[in-house]
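S.K.: The following comprises the amino acid sequence and a computationally predicted model.
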There are 2 protein chains.
Amino acid sequence: MKIIVDGMGGDNAPSAVVEGAILASRETEHHIAIIGREDLISSELAKHRYDSQKISVVNATEVISNDDAPVRAVRSKKDSSIVKGINMVKKGEGDIFISAGSTGALLAGGLFILGRIQGIDRPALASVYPILGGIPSLLVDAGANADCKPNNLLEFGVMGSIYMEKVIGRDNPRVGLVNIGTEAAKGSTLTKAAFDLLEQSHLNFLGNVEAREVPKGACDVIVTDGFTGNVLLKLTEGLAWNILQVIKKKFTDGAKAKLGAALLMNKMKELKSEFDYSEYGGAPILGIRGPIVKMHGSSSANAVKNTILKGIPYVSENVVDTIQNSVLEIEEITLSEY
Amino acid sequence: MKIIVDGMGGDNAPSAVVEGAILASRETEHHIAIIGREDLISSELAKHRYDSQKISVVNATEVISNDDAPVRAVRSKKDSSIVKGINMVKKGEGDIFISAGSTGALLAGGLFILGRIQGIDRPALASVYPILGGIPSLLVDAGANADCKPNNLLEFGVMGSIYMEKVIGRDNPRVGLVNIGTEAAKGSTLTKAAFDLLEQSHLNFLGNVEAREVPKGACDVIVTDGFTGNVLLKLTEGLAWNILQVIKKKFTDGAKAKLGAALLMNKMKELKSEFDYSEYGGAPILGIRGPIVKMHGSSSANAVKNTILKGIPYVSENVVDTIQNSVLEIEEITLSEY
């Protein structure tokens, strides 16, 4: 297996990417190719000891930034790490492409270069969602599709279940539909129709899940439209950050509090680390004809390492083919509604 | 002014309602009428000392519960506290109706009995949103309308601004549109169109606000469709509860932690109380022809007191008339889009 990692994407590129690739190479036999400006990546590699049989550099002279308009960038920057990396997957010169670069460019590249899996209407971004004190859930769609139709939510459930089972390792994952009430008849036009479709599937569908139950781990696969998914994910980040900041401020206010805080230092660190779900890898773009994984822009070397290692089962467990093989069921359920 | 309070609504009725009404009566000259089963309310009143000139009981023999189908209940239970209480507002026998009962029944009662303000397409539930260490924001719509059109979001912005200014006391409130990116062109079909409408208004419109900024107090009036609003509110409740639970567990794990936690007891209580936003009152149903306020089902006597007191400016500042007078601008902006 050859894993292609984007050396130019993210806030800490190329240093965090290079270091993460080296860390990963010590835990796997698979080859890792780092793509990007060869001079920059090679000089970064030179700072470390690594096995040159297991890590190589692929030169790509252009860079797509977060400020570039994604579609235009993918069409025009043919020698960018993103376009070239995805093309390598398409040509079979690599098995998976991992990048902390522009989400929009990765989506556009996935759609234009690899294409959708036939029968999947809308590919989606699947993001690990942190569950304090438990195994994380998988949120689909985390923001690729702001407007969705009911069949898209069925697709998200099917694709998310496959990824959760094969890559995160959760058997028979419980699928929940984010809604504003638990009864079948509750919700928006979209969720009511999606409920009916999900219920007809072979999925382990629990039904509607209210947003207040999501952080408690009420389901393993959190199905929702990309607008709501993005709101869920970002609110979680913002609120958790905010609560931790307020705690920090309160706990350093006064001598007595400071002493208490000193005694609780380890516990606070534990708490903070529970929000760090990078050990479960990045966010796969599900529904396209090849594995592409988006990492957080601020990924550390350790997060890069974990994403690379989680990329292995994404390839070896044939997630893309499994999704392809599940399309028939999706189409049958969707068509039965007409 | 006569404030009508539903004696039968909520988990702690009638005791918390009666006690809250008595507490409120000590801080205002206005009359408070408690509506519900007279025997129950009178025997609850008898447990306290109160000014019988300022508190009266109105008998209503029926009760609408959360299990009742709202529309059917409002149509059939004519002698329920909710239907009778809203009818009193309609007939001018009371100035405002406050209830911790079924949200659906309050919405249905507001729509059928009082009716919409002419020119307002969709009345909305406005809920106070807690901002740690700051003045709370107002979330509109918190769940009355799962499916919205762009003009509804403009209405929510206008109505929310008026309430925030006149009742919560925030001058020139900053209005933000919940979206999945900050640029004008970002988001769903709904938010893109709503952005254009809001920008044409006289509101202090900041533009799009990402969900991660909402808990930090990025805007005073959080405009969103009722589905997203409900998700925002419930996720905030669920996540905050979850984080506090995990902290509690961690802080009682081991002798050292317990000692630290003991030293931080007051700080933790402060933190918890910051999520208690009952001092800012309940959730008004904006856009109907009279003031109705929904309290949380688990409202304490203190929350009831605060909601009653916040009901006074809702009436005296003529919020309903002010909304009525702002309809022309909404209609002009909306029509200009056709």
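M.R.: Received the coordinates, thanks. All of these numbers come straight from a predicted model, not from anything done at the bench. Numbering: from 1, shown residues only, chains lettered A, B, ... in the order given.

S.K.: Can you point out the buried residues in stretch A:300-317?
M.R.: The neighbour-count criterion (16 or more other C-beta atoms under 10 Å in any protein chain shown) identifies A:300-315, A:317 as the buried residues of stretch A:300-317. (C-beta placed from N, C-alpha, C; glycine too.)

S.K.: no, scratch that, I was asking about stretch A:93-103
M.R.: For stretch A:93-103, by 16+ other C-beta under 10 Å, it's A:94-103.

S.K.: Which ones among the buried residues of stretch A:300-317 lie within helices?
M.R.: Secondary structure from DSSP state H places A:301-315 of the buried residues of stretch A:300-317 in helices.

S.K.: wait, which of those residues is closest to chain B?
M.R.: Of all those, residue A:303 has the smallest distance to chain B: 18.8 Å, by C-beta to the nearest C-beta.

S.K.: which residue packs closest to that closest one, ignoring adjacent ones?
M.R.: residue A:278 (3.5 Å; C-beta to C-beta, 6 or more residues apart in numbering or on different chains).

S.K.: ok so, going back, which ones among the buried residues of stretch A:93-103 lie within strands?
M.R.: A:96-99 (DSSP state E).

S.K.: so what's the residue nearest the centre of chain A scoring on pLDDT?
M.R.: Chain A has residue A:283 as the residue nearest its centroid, 0.7 Å off, counting by C-alpha atoms, centre = their mean. If you check residue A:283, the pLDDT there is 96.

S.K.: isn't it right next to residue A:127, touching?
M.R.: Yes. Using C-beta atoms under 8 Å, residue A:283 makes contact with residue A:127 at a distance of 4.3 Å.

S.K.: Count the neighbours of residue A:181 for me.
M.R.: 15 (other C-beta atoms under 10 Å in any protein chain shown).

S.K.: That one falls within a helix, correct?
M.R.: No. Assessed with DSSP: H, G, I helix; E, B strand; the rest coil, residue A:181 is coil; it does not lie in a helix.

S.K.: dump the residue contacts of it.
M.R.: A:187, A:208, A:210 (C-beta atoms under 8 Å, 6 or more residues apart in numbering or on different chains).

S.K.: what mean pLDDT does stretch A:209-224 have?
M.R.: Confidence for stretch A:209-224, expressed as mean pLDDT, is 96.

S.K.: again with stretch A:138-153
M.R.: Per-residue scores along stretch A:138-153 average to 97.

S.K.: Pairing partners for the residue nearest to residue A:172 when sequence neighbours are not counted in the sheet, please.
M.R.: Leaving out its chain neighbours, the residue that sits closest to residue A:172 by C-beta to C-beta, 6+ apart is residue A:204, at 5.1 Å. Note on residue A:204: beta-bridge partners residue A:174, judged by DSSP bridges.

S.K.: Contact residues of the stretch 51-200 of chain A facing chain B?
M.R.: Applying C-beta under 8 Å from any C-beta of the partner chain, we find that the stretch 51-200 of chain A lies next to chain B at A:132-133, A:143, A:146-147, A:178, A:180, A:187-189, A:191.

S.K.: same thing but 10 Å
M.R.: Listed as neighbours of chain B in the stretch 51-200 of chain A under the rule C-beta under 10 Å from any C-beta of the partner chain: A:104, A:130-133, A:142-143, A:145-148, A:178-181, A:186-192.

S.K.: among those, which are in helices?
M.R.: A:104, A:189-192.

S.K.: out of the residues you listed, who's nearest chain B?
M.R.: Nearest to chain B among those, counting by C-beta to the nearest C-beta, is residue A:189 at 5.3 Å.

S.K.: The closest one touches residue B:146, doesn't it?
M.R.: Yes. Using C-beta atoms under 10 Å, residue A:189 is in contact with residue B:146, at 7.7 Å.

S.K.: Which neighbours do the two have in common?
M.R.: Common neighbours of residue A:189 and residue B:146, using C-beta atoms under 10 Å, 6 or more residues apart in numbering or on different chains, are residue B:227.

S.K.: what about the spatially closest residue to residue A:333 that is not a sequence neighbour, distance to residue A:176?
M.R.: In space, residue A:333 comes closest to residue A:200 once its chain neighbours are excluded; the distance is 4.7 Å by C-beta to C-beta, 6+ apart. Computed as C-beta to C-beta, to the nearest Å, the residue A:200 to residue A:176 distance reads 16 Å.

S.K.: In terms of neighbours, single out the busier of these two.
M.R.: Per other C-beta under 10 Å, whichever of residue A:200 and residue A:176 has more neighbours is residue A:176, with 26 against 15.

S.K.: Now do the SS call for that one.
M.R.: Assignment for residue A:176 (three-state DSSP): strand.

S.K.: For residue B:228, see how far away it is.
M.R.: For residue A:176, the distance to residue B:228 equals 17 Å [C-beta to C-beta].

S.K.: one step back: spit out the contact partners of the residue nearest to residue A:303.
M.R.: Residue A:278 makes contact with A:128, A:295-296, A:298-300, A:302-307, A:310, according to C-beta under 10 Å, 6+ apart.

S.K.: Let's have those in JSON lines, adding pLDDT and distance to residue B:35.
M.R.: Output for the contacts of residue A:278, formatted as JSON lines (pLDDT from 0 to 100; distance: C-beta to C-beta, whole Å):
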{"residue": "A:128", "pLDDT": "93", "distance to residue B:35": "50"}
{"residue": "A:295", "pLDDT": "94", "distance to residue B:35": "58"}
{"residue": "A:296", "pLDDT": "91", "distance to residue B:35": "54"}
{"residue": "A:298", "pLDDT": "89", "distance to residue B:35": "55"}
{"residue": "A:299", "pLDDT": "91", "distance to residue B:35": "59"}
{"residue": "A:300", "pLDDT": "92", "distance to residue B:35": "60"}
{"residue": "A:302", "pLDDT": "94", "distance to residue B:35": "61"}
{"residue": "A:303", "pLDDT": "94", "distance to residue B:35": "58"}
{"residue": "A:304", "pLDDT": "96", "distance to residue B:35": "63"}
{"residue": "A:305", "pLDDT": "96", "distance to residue B:35": "64"}
{"residue": "A:306", "pLDDT": "95", "distance to residue B:35": "60"}
{"residue": "A:307", "pLDDT": "96", "distance to residue B:35": "60"}
{"residue": "A:310", "pLDDT": "94", "distance to residue B:35": "59"}
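
S.K.: Relative to residue B:239, which of those is nearest.
M.R.: residue A:128 (15.8 Å; C-beta to C-beta).

S.K.: Can I get the helix or strand containing that closest one as PDB, trimmed to CA atoms?
M.R.: Assigned by DSSP states H and E, residue A:128 falls within strand A:124-129. Taking Å, rounded to 0.1, in the frame of the first residue of the first chain, the C-alpha atoms of strand A:124-129 are listed here in PDB:
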ATOM      1  CA  ALA A 124     -20.300  13.700   2.400                       C
ATOM      2  CA  LEU A 125     -17.600  14.700   4.900                       C
ATOM      3  CA  ALA A 126     -17.600  12.400   7.900                       C
ATOM      4  CA  SER A 127     -16.100  13.700  11.000                       C
ATOM      5  CA  VAL A 128     -15.300  12.100  14.300                       C
ATOM      6  CA  TYR A 129     -17.400  13.600  17.100                       C
END
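
S.K.: tell me what it is packed against?
M.R.: helix A:103-109, strand A:137-140, helix A:150-163, strand A:221-223, helix A:226-251, strand A:283-286, strand A:292-294 (3 or more C-beta pairs under 10 Å, 6 or more residues apart in numbering or on different chains; DSSP states H and E).

S.K.: chain center to it, what's the gap?
M.R.: From the chain centre to the centre of strand A:124-129 is a distance of 4 Å (C-alpha atoms, centre = their mean, to the nearest Å).

S.K.: tell me the angle it makes with helix A:226-251.
M.R.: 20 degrees (axes from the mean of the first three to the mean of the last three C-alpha atoms, to 10 degrees).

S.K.: What sits closest to residue A:194 if chain neighbours are left out?
M.R.: Once flanking residues are discounted, residue A:194 sits nearest to residue A:153: 3.7 Å by C-beta to C-beta, 6+ apart.
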